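A.B. asks: Sequence first, predicted coordinates after that:
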Amino acid sequence: MGFDKETIAGNILAERNRRRWSREKLAEVSEIPASTIKAYENAENGISLENACRLADVFDMDLDEFAGRIRKAS
């Protein structure tokens, strides 16, 4: 089971926009090429576990939260 591309795309865009970071700034901070981040944001490529962990760390998020796996309490 992999990461859902659309969920990852939405989370990257939302977090990048919240911080008012350019794609290049996120690439610099995460050490992931801007072209790869663009592909993730456009849901063109699946994300590796390594890059998911890097981005979750940069965004100060739990990996489950970044992947959209947090369940809301009922």
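C.D. replies: Alright, I've got the coordinates.

A.B. asks: how far out from the middle of the chain is the helix or strand of the chain with the lowest mean pLDDT?
C.D. replies: Every helix and strand of the chain was ranked by mean pLDDT, DSSP states H and E. The lowest is helix 63-66, at a mean of 92. Put simply, helix 63-66 sits 9 Å off its chain's centre (Cα atoms, centre = their mean, to the nearest Å).

A.B. asks: buried stuff in that helix?
C.D. replies: Along helix 63-66, these residues count as buried under the neighbour rule (16 or more other Cβ atoms under 10 Å): Phe66. Every residue, glycine included, has its C-beta placed from N, CA and C.

A.B. asks: helices and strands around that helix, which ones?
C.D. replies: Helices and strands touching helix 63-66, by 3 or more Cβ pairs under 8 Å, 6 or more residues apart in numbering; DSSP states H and E, are helix 49-58.

A.B. asks: can you list contacts of the helix it packs on?
C.D. replies: Applying Cβ atoms under 8 Å, 6 or more residues apart in numbering, the contact partners of helix 49-58 are 3, 8, 12, 26, 29-32, 36, 40, 47, 62-63, 65-67.

A.B. asks: cool, and stretch 60-69?
C.D. replies: When contacts are defined by Cβ under 8 Å, 6+ apart, stretch 60-69 is touched by residues 3-4, 7-8, 11, 15, 52-53, 55-56, 59, 70.

A.B. asks: Kindly recompute the last result at 6 Å.
C.D. replies: Applying Cβ atoms under 6 Å, 6 or more residues apart in numbering, the contact partners of stretch 60-69 are 3, 7, 11, 56, 70.
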